[in-house]
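1. Sharing a model prediction with you, sequence too.
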Amino acid sequence: LRKAVGNKFKELGIGNIKGLDECTYCRSERYYSYRRDKETPLQMVTFIFKADE
């Protein structure tokens with residue numbers, strides 16, 4: 001999935017793509033995971049933008 005999304009971003013002209021090799025399911029001390037916790041106490045907001053060149 002990560003590669004497919006990265007390829008799509010590149011097709012759209014988005015180049016500086018960064019990702020983390022961390023598992024939100026495994027790292028409970030650092031990340032919330034709905035798959036792990038089965039609750040929804042948190043919400044997530046993601047911002048994606050294209051800077052002017």
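-> Arrived safely. Residues are numbered from 1 along each chain as shown.
2. tell me, what residue is most central in this structure?
-> Of all residues in the chain, the one closest to the mean position by CA atoms, centre = their mean is residue 19, 7.1 Å from it.
3. show me where the protein has strands.
-> Counting by DSSP state E, the chain forms no strands at all.
4. And the helices in it?
-> 2-11, 34-37 (DSSP state H).
5. Need the ones you listed in CSV (columns: mean neighbour count and distance to residue 45).
-> Yep, even glycine has a C-beta here, placed from its N, CA and C like the rest. As requested, the helices of the chain are arranged in CSV below (neighbours: other CB atoms under 10 Å; distance: least, CB to CB, whole Å):
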stretch, mean neighbour count, distance to residue 45
helix 2-11, 10, 18
helix 34-37, 12, 15
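6. mind checking which of the ones you listed is nearest residue 50?
-> helix 2-11 (9.8 Å; CB to CB).
7. Show me what that closest one is in contact with.
-> 15, 17, 19 (CB atoms under 8 Å, 6 or more residues apart in numbering).
8. again, 7 Å this time
-> Contacting residues not belonging to helix 2-11 are listed as 17, 19 [CB atoms under 7 Å, 6 or more residues apart in numbering].
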